[in-house]
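Participant: Have a look at this prediction, sequence included:
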Amino acid sequence: MGDIAYQNKDVTAKVMAEALKGKSLAPFGIHQLKIVDILPTNLPVIESNELRLDNLFLLSDGSIGIMDYESAHNQENFVKYINYMARVIKRYAINHELDRIKQIKMIVIYTADVDHAEAVYDLGGIVLKIEPTFLVEADTKAQANRKGKEGKTAGDHLGSRTGEENCRPKTGFGSACRYFDVF
């Protein structure tokens with residue numbers, strides 16, 4: 001019996017799938033659906049990218065926060081966010097620390113003229129919810145004035161340069177730094 005392939009169940013399932021075209025999924029308990037076509041199962045991945053996130057945080061509620069900055073909204077970004085989340089989960093899985101993940105929050109900071117974006121991308125089997133925030137709505141002058149009344153400038157905690165100067169080399173979003181300084 002040593003000639004049976006290690007993946008024998010997978011091989012059998014793939015052969016069986018070919019015969020299911022046009023058939024109902026009722027035998028599997030899914031009564032309302034039929035298989036219309038067999039799609040390729042190879043999903044090749046040859047990547048040599050590091051996939052750097054904009055920011056990754058441990059948040060005060062115990063969740064993990066992935067923060068990304070966008071100057072435009074499009075659905076293709078949701079694929080990027082799913083990949084970010086998968087890589088974070090994989091990092092914890094490799095270290096056998098999945099129990100440390102309480103929740104992952106995908107925080108998207110929209111800059112420029114974006115004042116509305118979809119917060120949920122629902123594909124049925126996977127639903128991605130982001131937490132969007134819009135800098136176009138932020139009243140940065142009022143926030144700066146409030147900090148000034150407290151006797152502080154936006155960059156006091158960062159040294160001699162202003163908060164905006166400290167941010168520009170890192171993000172290019174001076175207003176984003178003023179926005180986060182209030183928190």
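Facilitator: Arrived safely, thanks for sending.

Participant: Please count neighbours and contacts with C-alpha atoms only from this point.
Facilitator: Will do.

Participant: where do the helices sit along the chain?
Facilitator: Assigned helices in the chain, in chain order: 8-19, 76-94, 140-149, 163-167, 174-181 (criterion: DSSP state H).

Participant: now this protein, which segments are flagged as low pLDDT?
Facilitator: The chain contains residues with pLDDT under 70 at 1-2, 5-7, 9-10, 13-14, 41, 43-51, 139-183.

Participant: which stretches of it form strands?
Facilitator: 55-58, 64-70, 104-110, 120-122, 127-134 (DSSP state E).

Participant: Out of the ones you listed, flag the one nearest residue 80.
Facilitator: strand 64-70 (10.1 Å; Cα to Cα).

Participant: Give me the angle between that closest one and strand 104-110.
Facilitator: Here strand 64-70 runs at an angle of 20 degrees relative to strand 104-110 (axes from the mean of the first three to the mean of the last three Cα atoms, to 10 degrees).

Participant: How about strand 64-70, which residues are buried there?
Facilitator: Of the residues in strand 64-70, 64-69 count as buried by neighbour count, 16 or more other Cα atoms under 10 Å.

Participant: Make JSON lines out of the strands of the chain and add distance to residue 32.
Facilitator: As requested, the strands of the chain are exported to JSON lines (distance: least, Cα to Cα, whole Å):
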{"stretch": "strand 55-58", "distance to residue 32": "41"}
{"stretch": "strand 64-70", "distance to residue 32": "37"}
{"stretch": "strand 104-110", "distance to residue 32": "33"}
{"stretch": "strand 120-122", "distance to residue 32": "20"}
{"stretch": "strand 127-134", "distance to residue 32": "21"}
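
Participant: what's the closest of the ones you listed to residue 36?
Facilitator: It is, among the strands of the chain and with distance given as Cα to Cα, strand 120-122, at 21.9 Å.

Participant: what does the closest one contact?
Facilitator: Residues outside strand 120-122 that contact it (Cα atoms under 8 Å, 6 or more residues apart in numbering): 75, 78, 127-130.

Participant: can you tell me which of the buried residues of strand 64-70 lies nearest to residue 21?
Facilitator: Relative to residue 21, the closest of those is residue 66; by Cα to Cα it sits at 40.6 Å.

Participant: so what's the closest one up against?
Facilitator: By Cα under 8 Å, 6+ apart, the contact set of residue 66 is 53-57, 84-85, 104-107.

Participant: contacting residues around residue 37?
Facilitator: Residues in contact with residue 37 (Cα under 8 Å, 6+ apart) are 21-22.

Participant: ok, now with 6 Å
Facilitator: The contact partners of residue 37, by Cα atoms under 6 Å, 6 or more residues apart in numbering, come to residue 21.

Participant: cool, residue 58 as well?
Facilitator: Residues counted as contacts of residue 58 (Cα under 6 Å, 6+ apart) are residue 64.
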